[in-house]
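> Predicted model follows, preceded by the sequence.
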Amino acid sequence: MDLQVTPENTIFALDIGTRTVIGLVAVPEEARLRVVAEYAVEHPRRTMFDGQIHDIAGVAAAVREVREELEARLGFRLHRVAIAAAGRSLLTRHYRVTREVGEVEIDERFLSAMEMAAVRGAQEELLAELAATPEDYACVGYSVAAYRLDGYPLASLAGHRGKVAEADVIATFLPASVVNGLYAVLARAGLEPLHLTLEPMAAVEVAVPEGQRLLNLALVDIGAGTSDVAVTRDGAIVAYAMVPLAGDEVTEEIMQACLVDFDTAEGIKRKLGREREIRFCDVTGMEQCLATEELLSLIDPALERLAGEVAGAVLGANGGRPPRAVFCVGGGSQVPGLTEKIARHLNLDAARVVVRSRRSLGPVICGTEGGLDGPEGVTVAGIAVTALRRLGHDFLHVVVNGREHRLFNAGGFTVARVLALTGFDPRQLVGRHGRDLIFTLNGREHVIYGEPARPARLFVNDFPATMQTRVRHGDRVTVEPAADGEDARCTVGDLLPADGLVRIALDGCELALEGLCLVNGEPAAPDRLLREGDTVEICTALTLEEIAAEYAGRPLSDVMITVNGEPADPTRRPRQGDRVELIPAGAAGTPPGRWDAREITVRVNGQPVTLTGRSSYIFVDALARVELDLSRVRPPVLLLLNGRPAGLTDELRDGDEVEVSSGGG
């Protein structure tokens with residue numbers, strides 16, 4: 001199917017290398033990119049060394065030539081371009097951050113705060129080590145290599161609960177001068193930056209798809225000036241490294257061996273593996289002819305140095321052990337024998353170190369006929385794919401809490417990234433819950449919970465936002481820091497009833513008495529603040545003995561006292577809702593405070609009544625168990641027990657006769 005190619009649906013990518021500038025224009029096609037035009041030129045002289053721009057005007061001339069050639073093929077103007085910075089100037093720092101979870105569910109806010117703390121810690125370590133300032137080095141991207149919860153590794157912490165969470169972060173930093181040089185070249189070539197990434201990040205994006213990153217693999221991008229390394233494991237990119245040696249090392253060895261200038265040596269290098277004999281003129285003008293095998297033997301020391309340095313960087317990035325396989329990309333990877341030497345230095349089978357061309361990338365990128373489909377075309381393809389996935393400006397002006405910042409974007413901005421890159425203290429995003437107050441109340445543990453923390457409030461252009469809200473050029477980000485919750489606070493007065501009275505049941509009748517609060521056994525005033533571990537008792541101001549004497553007129557010697565059906569110490573103070581009963585003592589020879597329940601039967605006005613549940617009974621107990629027609633009983637009322645006058649508190653025995661009648665007959 002023919003695709004329509006317009007300025008609106010194309011992505012323009014440039015790989016500005018030490019020896020060549022490669023331009024690629026592609027059109028998104030479902031889940032892949034279709035390359036519609038590409039062009040490469042060599043720098044006419046050495047305007048870049050080891051991946052760094054030395055001659056801005058010279059590099060800009062090469063970029064302009066690529067742009068104009070592609071525009072002629074497409075028929076429209078190219079304005080914006082995605083580029084990559086060389087890994088030579090890239091600095092990486094690993095940082096582990098640990099946070100107490102507090103038995104709450106981990107959410108995105110918590111994770112973002114952790115990651116921001118890691119980025120900030122990595123940046124502080126880097127700047128302290130280099131005696132630099134944030135204006136000299138900025139974080140241009142980070143990735144989480146691993147999560148752990150209570151020591152156990154997890155792919156994601158969101159939604160989990162635990163005690164201690166950890167995140168291992170790889171933060172990458174770039175000097176501002178490197179980025180400024182690239183942007184100066186684009187400005188002179190009449191281009192604007194669409195997106196900027198790092199060369200190893202771009203290469204690994206297409207050479208090692210996400211589905212393969214569960215494997216322990218290494219990607220080596222061997223250019224002219226530098227060799228960049230990325231290592232994957234457990235589904236993530238876990239390390240980056242850089243070797244300051246690459247294809248130019250081999251070219252310079254050829255210069256010495258063949259007595260030729262740099263450009264001639266570069267041409268000889270590209271013929272290695274393609275021709276059996278190579279003819280050239282040395283600097284004296286004499287024509288020479290060397291067999292490829294002889295030339296390879298001459299440059300073998302340079303290949304050994306390069307292979308050894310690359311293998312050392314791979315081992316260093318992979319914790320000292322070889323990966324399962326190594327993918328090599330970049331023009332420098334095509335020198336015959338180089339991959340075999342890398343394999344030998346890594347103690348790997350030679351088949352495990354392979355050159356990966358663009359043709360091997362499957363559906364990720366589709367090459368044009370006769371295009372740069374070899375390993376030299378992988379990085380520029382990765383730049384285009386990365387731009388497609390993370391399209392956005394690379395330098396943005398944002399305002400955070402009234403202060404303006406100029407940020408470098410390695411792939412889109414969220415509120416979380418803005419706060420991380422501007423040095424916002426992540427501790428201001430998560431407040432502390434107020435401390436709980438735990439004490440014993442009336443014999444049971446009682447908890448008063450501290451006030452929950454008020455989370456930070458986020459706004460973008462005065463609209464409520466989250467940590468994942470996208471931030472664009474010119475946006476204003478406002479953060480209202482989280483507020484700690486108040487610690488739990490309780491006074492004695494908070495526990496007392498509102499009217500200050502404690503209600504109990506005395507022999508079945510409700511009684512409201514003045515309340516009293518004892519703290520650790522001592523009376524406490526209403527304004528007394530409780531402390532952790534206090535023992536608190538809310539009770540009546542009067543003891544059981546005083547209640548019996550004052551409200552029932554019963555001396556302690558005459559009664560036994562029960563609370564909620566159990567014998568009680570007379571000096572005890574009853575609590576809210578207690579059932580207090582005063583039971584006559586001594587009738588059955590039972591000392592106060594102890595009794596055995598017994599059952600008796602008496603007759604009330606001729607009706608048999610059985611009394612149960614107590615050790616002794618009085619006259620009024622029998623009256624409470626029958627229904628008397630009081631309308632027929634007129635004063636004066638006669639109370640008779642076994643035919644003799646009796647009082648309401650006279651003790652009853654089994655078989656007694658109880659009679660209630662009118663005194664007038």
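Sure, I can see it. Numbering: from 1, shown residues only.

> How confident is the prediction for the residue positioned nearest the centre of the chain, by pLDDT?
Centroid-nearest residue in the chain, with CA atoms, centre = their mean: Leu111, separated by 1.6 Å. If you check Leu111, the pLDDT there is 82.

> cool, Ala325 as well?
94.

> Just confirm it contacts Ala350, I think it does.
No: assessed by CB atoms under 8 Å, Ala325 is found out of contact with Ala350, at 11.3 Å. C-beta: built from backbone N, CA, C; applies to glycine.

> I'd say Gln123 and Val169 touch.
No: using CB under 8 Å as the test, Gln123 is too far from Val169 to be in contact (11.0 Å).

> Arg470 bridge partners, please.
Thr414 (DSSP bridges).

> Could you check the pLDDT of it?
On the pLDDT scale, Arg470 gets 87.

> likewise the one 4 residues further on?
pLDDT recorded at Gly474 is 74.

> That one touches Val398, doesn't it?
Yes: if you go by CB under 8 Å, Gly474 and Val398 touch, sitting 7.3 Å apart.

> Looking at these two, which is more packed in?
Val398 (22 against 10; other CB atoms under 10 Å).

> pretty sure the more buried one is touching Arg476, no?
Yes: using CB under 8 Å, Val398 is in contact with Arg476, at 7.4 Å.

> what about Ala505, neighbour count?
The burial count for Ala505: 15, using other CB under 10 Å.

> does it sit in a helix, a strand or a coil?
Taken by DSSP: H, G, I helix; E, B strand; the rest coil, the conformation at Ala505 corresponds to strand.

> Return the residues in contact with the spatially closest residue to it that is not a sequence neighbour.
Leaving aside its sequence neighbours, Ala505 sits nearest to Arg579 (CB to CB, 6 or more residues apart in numbering; 4.7 Å). Going by CB atoms under 8 Å, 6 or more residues apart in numbering, Arg579 touches Ile504, Ala505, Val563, Asn564, Gly565.

> Next, format those as CSV and append pLDDT and distance to Leu154.
Shown next, in CSV, are the contacts of Arg579 (pLDDT from 0 to 100; distance: CB to CB, whole Å):
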residue, pLDDT, distance to Leu154
Ile504, 89, 56
Ala505, 89, 57
Val563, 87, 55
Asn564, 87, 52
Gly565, 81, 55
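
> Of these, which is the nearest to Ser357?
For the contacts of Arg579, the minimum distance to Ser357 (CB to CB) is 88.2 Å, reached by Asn564.

> Let me know the pLDDT of the residue nearest to Ala505.
Note for Arg579: predicted pLDDT of 89.

> Pop out the phi and psi values for it.
Phi and psi for Arg579, reported as degrees, to the nearest 10, are phi -100, psi 110.

> Ramachandran angles for Ala488?
According to degrees, to the nearest 10, Ala488 has phi -60, psi 140.

> what's the neighbour count on it?
Count around Ala488 with other CB under 10 Å applied: 17.

> for Ile170, helix, strand, or coil?
Applying three-state DSSP: Ile170 is strand.

> Show me what the helix or strand where Ala549 lies is in contact with.
Assessed by DSSP states H and E, Ala549 sits inside helix 544-551. Helix 544-551 is contacted from outside by 506, 511, 513, 540, 542, 554-556, 559, 561, 563, 568-574, 580, 582, using CB under 8 Å, 6+ apart.

> Those residues in strands, which ones?
Among the contacts of helix 544-551, DSSP state E puts Leu506, Leu511, Leu513, Thr540, Val559, Ile561, Val563, Val580, Leu582 in strands.

> Output those as JSON lines; include the columns distance to Glu293 and neighbour count.
JSON lines is the format used below for the ones in strands among the contacts of helix 544-551 (distance: CB to CB, whole Å; neighbours: other CB atoms under 10 Å):
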{"residue": "Leu506", "distance to Glu293": "115", "neighbour count": "19"}
{"residue": "Leu511", "distance to Glu293": "114", "neighbour count": "17"}
{"residue": "Leu513", "distance to Glu293": "112", "neighbour count": "21"}
{"residue": "Thr540", "distance to Glu293": "109", "neighbour count": "25"}
{"residue": "Val559", "distance to Glu293": "120", "neighbour count": "23"}
{"residue": "Ile561", "distance to Glu293": "114", "neighbour count": "25"}
{"residue": "Val563", "distance to Glu293": "108", "neighbour count": "17"}
{"residue": "Val580", "distance to Glu293": "112", "neighbour count": "23"}
{"residue": "Leu582", "distance to Glu293": "119", "neighbour count": "20"}
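
> Quote the end-to-end distance of stretch 85-97.
28 Å (CA to CA, to the nearest Å).

> same question, stretch 562-575
Across stretch 562-575, first to last residue, CA to CA, it's 13 Å.

> just stretch 315-322 next, same as before
With CA to CA, one end of stretch 315-322 sits 6 Å from the other.

> got it, and stretch 566-576?
16 Å.

> Mind listing what's buried along it?
Within stretch 566-576, the residues that qualify as buried are Ala568, Pro570, Arg572, Arg573, Pro574, Arg575, counting by 16 or more other CB atoms under 10 Å.

> for stretch 453-469, same thing?
Ala453, Ala456, Leu458, Val460, Ala465, Met467, Thr469.

> contacting residues for the fifth one?
Spelled out, that is Ala465. Val415, Leu458, Phe459, Val477.

> ok, now how distant is Leu290 from Val5?
Distance, Leu290 to Val5, by CB to CB, to the nearest Å: 46 Å.

> And the strands in the stretch 251-400 of the chain?
Assigned by DSSP state E, counting those that start in this stretch, the strands in the stretch 251-400 of the chain fall at 277-281, 287-291, 325-329, 353-355, 365-366, 395-400.

> Do a quick rundown of the helices in this structure.
Remark: helices assigned in the chain by DSSP state H are 56-74, 108-130, 176-188, 199-207, 247-258, 262-271, 292-298, 300-317, 338-345, 378-389, 415-421, 492-495, 544-551, 619-623.

> Need those helices in TSV (columns: distance to Gly235).
Conversion of those to TSV gives the following (distance: least, CB to CB, whole Å):
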stretch	distance to Gly235
helix 56-74	36
helix 108-130	17
helix 176-188	30
helix 199-207	13
helix 247-258	32
helix 262-271	38
helix 292-298	39
helix 300-317	17
helix 338-345	25
helix 378-389	17
helix 415-421	21
helix 492-495	53
helix 544-551	71
helix 619-623	81
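
> Those: which one's closest to Gly331?
Evaluated over these, closeness to Gly331 peaks at helix 247-258, with 6.2 Å, by CB to CB.

> For that closest one, the averaged confidence score.
Computed over helix 247-258, the average pLDDT equals 88.

> Show me what that helix is packed against.
With contacts defined as 3 or more CB pairs under 8 Å, 6 or more residues apart in numbering; DSSP states H and E, the packing partners of helix 247-258 are helix 262-271, helix 292-298, helix 300-317.
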